[in-house]
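S.K.: coords below, sequence missing:
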């Protein structure tokens with residue numbers, strides 16, 4: 001079954017923009033913000049994504065009443081078992097060819113590539129913006145047809161993931177796609193100044209427009225003021241969240257710092273536990289801290305800011321060893337800032353950038369250094385005044401820079417410039 005999600009009064013639009021993701025909408029807040037801003041500015045906007053999971057599809061459908069743009073799934077394997085088997089078989093053949101012959105193909109970039117290309121080719125637009133690996137391949141295909149295309153480097157795909165995981169990736173193909181779009185695309189953007197400068201140096205392209213993946217300041221009016229997570233509000237609370245709870249996401253630093261802390265704290269972790277997470281956590285957590293660690297399930301995007309805001313300190317232990325993670329500014333950090341939490345973060349290039357623009361609100365420590373991390377946390381845990389001042393500083397930075405209302409202008413200006421240039 002094909003479906004379209006759309007909302008809003010009929011409007012005359014002369015300029016159509018297609019945003020290519022090949023993913024579920026609910027899992028991509030950056031696409032939602034970009035598409036909403038462009039639609040509200042008067043552009044006709046279609047997001048071409050995909051449906052692979054029943055639960056995520058239900059969340060996408062539930063969002064339809066608030067969307068000022070159209071969402072079109074190029075593929076829906078939840079409705080068609082034969083389609084599911086076909087795309088899995090195609091991906092498996094591609095993975096096998098790469099593994100044994102080092103042959104790289106577009107079919108390694110995700111189940112949606114072929115259907116995404118077909119959907120994009122059927123839909124005329126003045127600008128196509130790619131947001132995923134498969135979407136980049138489709139954008140390059142459209143570029144060769146003379147279409148006006150662009151790319152948002154939300155992740156630097158050819159420089160992402162640990163070394164072991166990269167062995168199964170089509171790195172040469174990804175670099176070729178990135179290079180083509182960054183040098184020939186009419187619209188380019190990314191998530192930080194550090195990322196923009198690195199991309200320009202790497203590919204010899206103009207610096208992509210920096211659009212921080214911030215969230216609307218207006219979301220703060222919906223904070224519910226409820227304390228659902230915390231057990232004892234007299235004890236400061238440290239919060240960490242991700243889609244998945246497991247190793248390799250920065251939690252190692254936090255767990256290693258616990259026995260070094262001089263002050264009490266509650267630890268709250270939010271996400272879907274990976275297989276074996278409970279055992280992994282128990283093996284690394286000191287006995288005295290086990291009752292102080294609380295694990296919470298995922299909540300909706302609408303509730304997430306409220307659940308973060310009930311805590312005191314947001315922890316962001318990103319690794320500088322993966323280039324993409326080092327250069328970006330993560331959703332996690334920007335959620336903490338908008339929620340008004342003091343932030344303690346590893347010293348990546350992207351998080352240094354946030355700290356520079358939120359003086360006094362973000363404490364940095366060298367990644368992997370549990371002693372320095374414990375010292376940074378103790379400064380905040382041991383002084384209610386220091387904690388209060390840090391919270392004031394991050395909220396000021398959110399209002400000044402790190403909210404979506406401050407990023408929209410850059411987006412609209414860049415898109416306007418792209419539409420004023422020749423297609424190819």
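M.R.: It's in. Since the structure is predicted, the reported quantities are computational estimates derived from the model, not experimental observations.

S.K.: contacts and neighbour counts: CA atoms only from here.
M.R.: Fine.

S.K.: residue 71 touches residue 51, doesn't it?
M.R.: No - using C-alpha atoms under 8 Å, residue 71 makes no contact with residue 51, being 11.0 Å away.

S.K.: okay, these two: which has more neighbours?
M.R.: residue 71 (27 against 23; other C-alpha atoms under 10 Å).

S.K.: so residue 350, which state does it fall into?
M.R.: helix (DSSP: H, G, I helix; E, B strand; the rest coil).

S.K.: measure how buried it is and give me the count.
M.R.: 24.

S.K.: measure it to residue 244 for me?
M.R.: Residue 350 is 21 Å from residue 244, where distance means C-alpha to C-alpha, to the nearest Å.

S.K.: which residue comes closest to residue 308 once chain neighbours are left out?
M.R.: residue 339 (6.4 Å; C-alpha to C-alpha, 6 or more residues apart in numbering).

S.K.: again but with residue 76, I slipped
M.R.: Nearest to residue 76 is residue 51, by C-alpha to C-alpha, 6+ apart, at 4.6 Å.

S.K.: shouldn't that neighbour be in contact with residue 79?
M.R.: No - look at residue 51 against residue 79 with C-alpha under 8 Å: they stay out of range, at 9.2 Å.

S.K.: show me what contacts residue 375?
M.R.: residue 261 (C-alpha atoms under 8 Å, 6 or more residues apart in numbering).

S.K.: could you pull out the buried residues of the helix or strand encompassing it?
M.R.: Following DSSP states H and E, the helix or strand that holds residue 375 is helix 370-381. For helix 370-381, burial by neighbour count (16 or more other C-alpha atoms under 10 Å) applies to 370-378, 380-381.

S.K.: can you put those in JSON lines and add pLDDT and distance to residue 62?
M.R.: Listed next are these as JSON lines, based on pLDDT from 0 to 100; distance: C-alpha to C-alpha, whole Å:
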{"residue": "370", "pLDDT": "95", "distance to residue 62": "42"}
{"residue": "371", "pLDDT": "97", "distance to residue 62": "45"}
{"residue": "372", "pLDDT": "97", "distance to residue 62": "44"}
{"residue": "373", "pLDDT": "97", "distance to residue 62": "41"}
{"residue": "374", "pLDDT": "97", "distance to residue 62": "42"}
{"residue": "375", "pLDDT": "98", "distance to residue 62": "44"}
{"residue": "376", "pLDDT": "98", "distance to residue 62": "41"}
{"residue": "377", "pLDDT": "98", "distance to residue 62": "39"}
{"residue": "378", "pLDDT": "98", "distance to residue 62": "43"}
{"residue": "380", "pLDDT": "98", "distance to residue 62": "40"}
{"residue": "381", "pLDDT": "97", "distance to residue 62": "40"}
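
S.K.: pull the residues that contact the host helix or strand of residue 33.
M.R.: Here residue 33, judged by DSSP H and E, is contained in helix 29-40. Helix 29-40 is contacted from outside by 19, 25, 44-47, 67-69, 131, 213, 404, 408, 411-412, using C-alpha under 8 Å, 6+ apart.

S.K.: strands of the chain, residue ranges please.
M.R.: 16-20, 44-51, 70-76, 127-130, 149-153, 187-190, 209-210, 237-245, 266-273, 293-296, 313-316, 342-346, 362-365 (DSSP state E).

S.K.: for residue 421, which of the ones you listed is the nearest?
M.R.: Nearest to residue 421 among the strands of the chain is strand 187-190 (9.7 Å), distances taken as C-alpha to C-alpha.

S.K.: any regions of the stretch 151-300 of the chain where pLDDT drops low?
M.R.: Scanning the stretch 151-300 of the chain for pLDDT under 70 picks out no residues.

S.K.: change it to 80
M.R.: 163, 249 (pLDDT under 80).

S.K.: show me the helices in it, by range?
M.R.: Using DSSP state H, counting those that start in this stretch, the helices of the stretch 151-300 of the chain run over 163-166, 171-184, 193-203, 251-257, 277-284.

S.K.: mind checking those helices for the one nearest to residue 391?
M.R.: Between the helices of the stretch 151-300 of the chain, helix 251-257 lies closest to residue 391; by C-alpha to C-alpha that is 20.3 Å.

S.K.: list of residues touching the closest one?
M.R.: 284-285, 317, 367-371, 373-374.

S.K.: quick check, pLDDT for the residue nearest to residue 76.
M.R.: With respect to pLDDT, residue 51 scores 94.

S.K.: and it, how far from residue 20?
M.R.: Counting by C-alpha to C-alpha, the separation of residue 51 from residue 20 is 14 Å.

S.K.: now residue 117. Nearest residue, chain neighbours left out?
M.R.: residue 138 (5.2 Å).

S.K.: repeat that for residue 243.
M.R.: residue 271 (5.0 Å).

S.K.: ok so, going back, residues in contact with the residue nearest to residue 76?
M.R.: 23-24, 57, 73, 75-78.

S.K.: ok, now with 10 Å
M.R.: By C-alpha atoms under 10 Å, 6 or more residues apart in numbering, the residues touching residue 51 are 22-25, 57-58, 60, 72-79, 112.

S.K.: determine the longest helix present in the chain.
M.R.: Ordering each helix of the chain by length in residues (DSSP state H) puts helix 81-101 first.

S.K.: kindly calculate the angle that that one makes with strand 70-76.
M.R.: 70 degrees (axes from the mean of the first three to the mean of the last three C-alpha atoms, to 10 degrees).

S.K.: what residues of helix 81-101 count as buried?
M.R.: For helix 81-101, by 16+ other C-alpha under 10 Å, it's 84, 87, 91, 94-95, 98.

S.K.: any chance you could list what contacts that helix?
M.R.: 52, 75-78, 102-115, 167-170.
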